[in-house]
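Novice: Using only what follows, build the 3D model:
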Amino acid sequence: MEYRLGNINMKIVIYLTFYLYVVFTGQSEADCIFPCGFRNKTFDLYADDSELSGQIWTFNADGSGATFVGDPVNCFQISEQFLILRIEKSPYFVCFPIFYTDGQSNFTFVIQGFGNSKEFENVRSALNESQLCEVCGENGAEIITVVAIGKVIHINNYQ
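Specialist: The predicted model follows:
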């Protein structure tokens, strides 16, 4: 069998293409960061007749992670007014319709039942339309409107 330089180059291109495909399909989640007004802040949660009242939502300074009612979560995707969170190191996703105006010290969000989440295995990029409908659609659970009010922290710099 005779090898031509063209055949070797073609094989290299094919292997390189396959390698890049594997690398990019194995990429981690889509870039998602919380709005600047949330970062490095803690919000008290208030809702009528709900166990969410009195809980807190704390956002990390880098904008990618947070602690929601004691559970570590990551910003996974923002689609229009829907904020999709991934429960850290798990295949579970939660969707919140969220209402926020830049510069406000509070925001409102809606949650369907407490602890409601959907499981999607091997999700590495933004959810498709079908998955969004599944995680963000009404599922018959009680709909709870929650107001999140930013805490004011006074730091005394007097010496």
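Novice: which stretches of this protein form strands?
Specialist: With DSSP state E as the criterion, the chain has strands at 42-46, 56-59, 65-68, 71-79, 82-87, 92-99, 106-112, 118-119, 143-150.
Novice: of all those, which lies closest to Glu129?
Specialist: Relative to Glu129, the nearest member of the strands of the chain by Cβ to Cβ is strand 71-79, separated by 9.2 Å. No exception for glycine: its C-beta is placed from N, CA and C like everyone else's.
Novice: what's next to that closest one, contact-wise?
Specialist: 29-30, 32-34, 63-67, 83-88, 93-94, 126-127, 132 (Cβ atoms under 8 Å, 6 or more residues apart in numbering).
Novice: wait, what's in contact with Phe82?
Specialist: 95-98, 132, 136.
Novice: same question, Asn106
Specialist: Applying Cβ under 8 Å, 6+ apart, the residues near Asn106 are 43, 147-150.
Novice: Reformat those as TSV; add neighbour count and distance to Leu52.
Specialist: What follows is the contacts of Asn106, written out as TSV (neighbours: other Cβ atoms under 10 Å; distance: Cβ to Cβ, whole Å):
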residue	neighbour count	distance to Leu52
Phe43	22	11
Val147	16	10
Ala148	23	10
Ile149	13	13
Gly150	17	16
